[in-house]
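Engineer: take a look and give me a structure for this.
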Amino acid sequence: MDGLTNKAGMIKFEVSKMQLIGAPWNSINGTMQNIRMADGWQISRPVDRLHKQENGKVAFYMAKNKKDGSVNEITMRRSVDTGETNETGKRIYKDESMKVSVEELEKIMMYGAQKYKYQKEEESGFIGMVFHKAQIVDTWKEPGRENAREYKVISIDNSGNSFLFASDKLHRLEDKEDYFRINIPLRDKNGENRAVMVAHEAAWYEKTEERRTQQLLPRKLREQSNLLCSQIEKVITEMALLGYVPAERPDTQPPGFLYWKQDGPEMEATEERKLLCTYNWDNTQEFIDEKKKEHSEPELEVKKEKRKMK
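Structural biologist: Here you go, the predicted structure:
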């Protein structure tokens with residue numbers, strides 16, 4: 001679904017032809033077409049307002065607000081299985097309906113498209129996850145084994161939670177060198193649900209949680225990682241304007257933090273720089289806000305334009 005705004009106050013929606021349910025039907029408002037949304041919900045739109053796109057999809061436009069300025073709403077309907085049967089053994093369904101704003105409808109359609117993507121991926125037996133290189137916070141090997149396999153510690157949120165994945169199974173994205181992709185199998189060699197061990201603050205023998213709900217865990221991991229990737233990109237951009245770039249983690253410092261160095265020629269380390277190295281993502285944002293107060297807005301804008309030219 002493309003949620004791009006066509007013009008002020010209008011939202012463009014795109015659906016696949018498979019989301020068009022049944023044949024058009026006549027109503028007092030003209031010929032209508034039912035369109036499938038997420039979780040069994042459907043809406044109806046006038047046929048003459050459905051536009052075929054070059055990508056094979058169908059688009060329609062809806063206004064966020066009515067002419068009087070009030071919020072524009074649309075009714076969604078679905079039939080839900082009650083789990084009961086009638087006297088002839090047929091299942092009993094009940095009809096449900098609810099009104100949502102056009103802006104809420106956009107979010108529902110985005111959720112439905114993402115859910116379908118995850119479902120198809122999970123049906124293949126693997127789930128894919130993309131993460132920023134800054135989420136690789138450490139390297140781990142099982143103690144006491146000389147030829148132990150090497151794993152990367154991948155951070156998934158700002159709360160210190162991470163999981164292990166084999167280093168040789170990470171694939172760098174060709175079009176985005178700062179990002180990696182991994183494919184996580186849903187089942188182990190015995191065909192059973194594969195467990196993913198999530199640790200808190202890299203305490204692999206003390207604070208681990210085994211999560212086996214495979215239809216939920218990968219989705220949750222990816223959603224957390226997507227949010228963290230967005231935050232990382234924002235922080236890196238803002239830190240660059242202040243003259244700092246990501247740095248390698250010092251061996252003497254714990255994983256799970258973000259490390260920075262001043263951009264430009266290497267300078268002798270100072271206590272101030274060492275303290276700066278131990279800021280995590282949330283504290284880095286506080287640092288950015290403090291530093292911004294020391295700079296004027298025009299000065300930061302000039303720096304931003306210079307970076308674009310590079």
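
Engineer: now the host helix or strand of residue 182: buried residues?
Structural biologist: Taking DSSP states H and E as the criterion, the element that holds residue 182 is strand 179-185. Judged by neighbour count (16 or more other CB atoms under 10 Å), strand 179-185 contains these buried residues: 179-180, 182, 184. Where you see a C-beta, it was placed from the backbone N, CA and C, and this is true even at glycine.

Engineer: just name the closest of the residues you listed to residue 146, please.
Structural biologist: Within the buried residues of strand 179-185, distances to residue 146 taken as CB to CB reach their minimum at residue 182, with 25.8 Å.

Engineer: quick one: pLDDT of residue 44?
Structural biologist: On pLDDT, residue 44 comes in at 94.

Engineer: tally up the residues packed near it, please.
Structural biologist: Number of residues near residue 44 (other CB atoms under 10 Å) recorded here: 18.

Engineer: what helices or strands is the longest helix along the chain leaning on?
Structural biologist: Longest among the helix segments of the chain by residue count, using DSSP state H, is helix 217-241. Using 3 or more CB pairs under 8 Å, 6 or more residues apart in numbering; DSSP states H and E as the contact criterion, the elements in contact with helix 217-241 are helix 102-123, strand 126-132, strand 244-246, helix 281-294, helix 297-309.

Engineer: of those, which stretch is the most buried?
Structural biologist: When neighbours are counted by mean count of other CB atoms under 10 Å, the highest per-stretch mean among those falls to strand 126-132, a mean of 18.

Engineer: give the rounded mean pLDDT of the helix or strand following that one.
Structural biologist: Once strand 126-132 ends, the next helix or strand along the chain (criterion: DSSP H and E) is strand 136-140. Taken as a whole, strand 136-140 carries a mean pLDDT of 84.

Engineer: tell me the helix or strand right after strand 136-140.
Structural biologist: Stepping forward along the backbone from strand 136-140, the first helix or strand reached (DSSP H and E) is strand 151-155.

Engineer: tally up the residues packed near residue 50, please.
Structural biologist: Residue crowding around residue 50 was assessed by other CB under 10 Å; the count is 15.

Engineer: try residue 21
Structural biologist: Counted by other CB under 10 Å, the residues lying close to residue 21 total 11.
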